[in-house]
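S.K.: Turn this into a model:
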Amino acid sequence: MAVPPNIAELKNLEVLSFLNNQIKELPTQISSLQNLKHLNLGMNRLNTLPRGFSSLPALEVLDLTYNNLNENCLPGNFFYLTTLCALYLSDNDFEILPPDIGKLTKLQILNNTDNDLISLPKEIRELTQLKELHIQGNHLTSLPPELAVVSCVFETADEG
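M.R.: A predicted model of the protein is given here:
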């Protein structure tokens, strides 16, 4: 399935779900959806995101679960999504979270379950609004001491 570029004509769109399709890429025009608050791209075949992705000024929830993404697939301006409250990245191929994750200062939920994470950046401490951090099912052997200042919920594989 291809996302048509004329998606940008839906100027008042607030919720968009492309859950469980075979999408491999998004048109850059998706960044024209200025009222979009919730974008679900889970269970697709994305291995990159368009450059203008950070131009979604109202985006609060972004679901990118079950794709083929890793830290190199995110555009440089991805972390300027300043309104983002929930980011779902589980079941992708992330080995690290870029240090710029700390720029998502309104983030309350970060789900990185079942990736290939080997470490977390110290900048995670800048996520002062974070209430939930899901990092089970990764390759982490220790947590950064910076997490001691973050008040959040940790789930491990043992807790289910």
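S.K.: Distance of the nearest residue to residue 55 once chain neighbours are set aside relative to residue 88?
M.R.: Counting by CB to CB, 6 or more residues apart in numbering, residue 55 lies nearest to residue 31, which is 4.0 Å off, once chain neighbours are set aside. Any C-beta I mention is one placed from the backbone N, CA and C, and that applies to glycine too. In this view, residue 31 and residue 88 are 19 Å apart by CB to CB, to the nearest Å.
S.K.: ok, back up a step: neighbours of the residue nearest to residue 55, just the number please.
M.R.: 20 (other CB atoms under 10 Å).
S.K.: Ok, the one 3 residues further on next?
M.R.: Residues within reach of residue 34, counting by other CB under 10 Å, total 14.
S.K.: That one and residue 96, how far apart?
M.R.: Using CB to CB, residue 34 is found at 31 Å from residue 96.
S.K.: helix, strand or coil for the nearest residue to residue 29 once chain neighbours are set aside?
M.R.: Closest residue to residue 29 apart from its sequence neighbours, by CB to CB, 6+ apart: residue 8 at 4.0 Å. Secondary structure assignment for residue 8 (DSSP: H, G, I helix; E, B strand; the rest coil): helix.
S.K.: before we move on, what about residue 62?
M.R.: Assigned by three-state DSSP, the conformation of residue 62 is strand.
S.K.: got the phi/psi numbers for the residue positioned nearest the centre of the chain?
M.R.: Centroid-nearest residue in the chain, with CA atoms, centre = their mean: residue 87, separated by 3.9 Å. Backbone torsions of residue 87, given as degrees, to the nearest 10, read phi -130, psi 120.
S.K.: next one: residue 15
M.R.: Per degrees, to the nearest 10, the backbone of residue 15 is at phi -130, psi 130.
S.K.: swap in residue 102?
M.R.: Main-chain dihedrals, residue 102, degrees, to the nearest 10: phi -60, psi -10.
S.K.: right, and it touches residue 128 too?
M.R.: No - applying CB atoms under 8 Å as the test, residue 102 and residue 128 come out as separate, 9.8 Å apart.
S.K.: the more surrounded of those two?
M.R.: Between residue 102 and residue 128, counting by other CB under 10 Å, residue 102 is the more crowded of the two (19 against 12).
S.K.: OK, contacts around the more buried one?
M.R.: 121, 123-127 (CB atoms under 8 Å, 6 or more residues apart in numbering).
S.K.: Perfect, that will be all.
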